[in-house]
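Q: below: sequence and its predicted model.
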Amino acid sequence: MAATTTIRLPPELRARLQALSKQTGRSAHSLIVEAVERHADYEEQLQALVREALAADARIEETGEVYRAQDVHAWLERLARAPRAARPKPWRR
């Protein structure tokens, strides 16, 4: 069974939810649950992106490898045509 959480909504937001509920035929509860799920997904994706970026930055610090954007873009285009296309050479180490 789902847990119950109480939230206090400003009157303007509550009125918007009530209007949407009537327009869509959905309950205010379902609109709120969907909004919370979407925002939780967004936050999880954002956190994963930050972790990935920090790991990439750490790898650059470890290896010193940096690639030119144009070389990476060209490589991606080659990958689209040939899945085993050779990786670009690092611009600097």
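A: Perfect, I can see it now.
Q: pLDDT below threshold where in this structure?
A: 93 (pLDDT under 70).
Q: what's around Thr63, how many residues?
A: Residues within reach of Thr63, counting by other CB atoms under 10 Å, total 10. In short, each C-beta sits where N, CA and C put it, glycine included.
Q: state the distance from it to Ala69.
A: Distance, Thr63 to Ala69, by CB to CB, to the nearest Å: 18 Å.
Q: can you check Pro10 too?
A: Look at Pro10 and Ala69: by CB to CB, they are 45 Å apart.
Q: ditto for Gln45
A: Going from Gln45 to Ala69 by CB to CB gives 23 Å.
Q: likewise for Arg78?
A: Distance from Arg78 to Ala69, by CB to CB: 15 Å.
Q: quick one, phi/psi of Val66?
A: The phi and psi values for Val66, taken as degrees, to the nearest 10, are phi -130, psi 140.
Q: and it, bridged to which residues?
A: Arg92 (DSSP bridges).
Q: these two touch, right, it and Val72?
A: No - with contact defined as CB atoms under 8 Å, Val66 does not count as touching Val72 (10.5 Å).
Q: the two: who's more crowded?
A: Comparing Val66 with Val72 by other CB under 10 Å, the one with more neighbours is Val72, at 13 against 10.
Q: how about the nearest residue to that one, chain neighbours excluded?
A: Pro88 (6.3 Å; CB to CB, 6 or more residues apart in numbering).
Q: the one you found: which element?
A: Assigned by DSSP states H and E, Pro88 belongs to no helix or strand.
Q: equivalent analysis for Ile60, please.
A: Using DSSP H and E, Ile60 falls within helix 28-63.
Q: quick revisit: more neighbours, Arg78 and Ala69?
A: Set Arg78 next to Ala69 and count neighbours by other CB under 10 Å: Arg78 wins out with 15 against 8.
Q: which strand or helix spans the more buried one?
A: Using DSSP H and E, Arg78 sits within helix 69-81.
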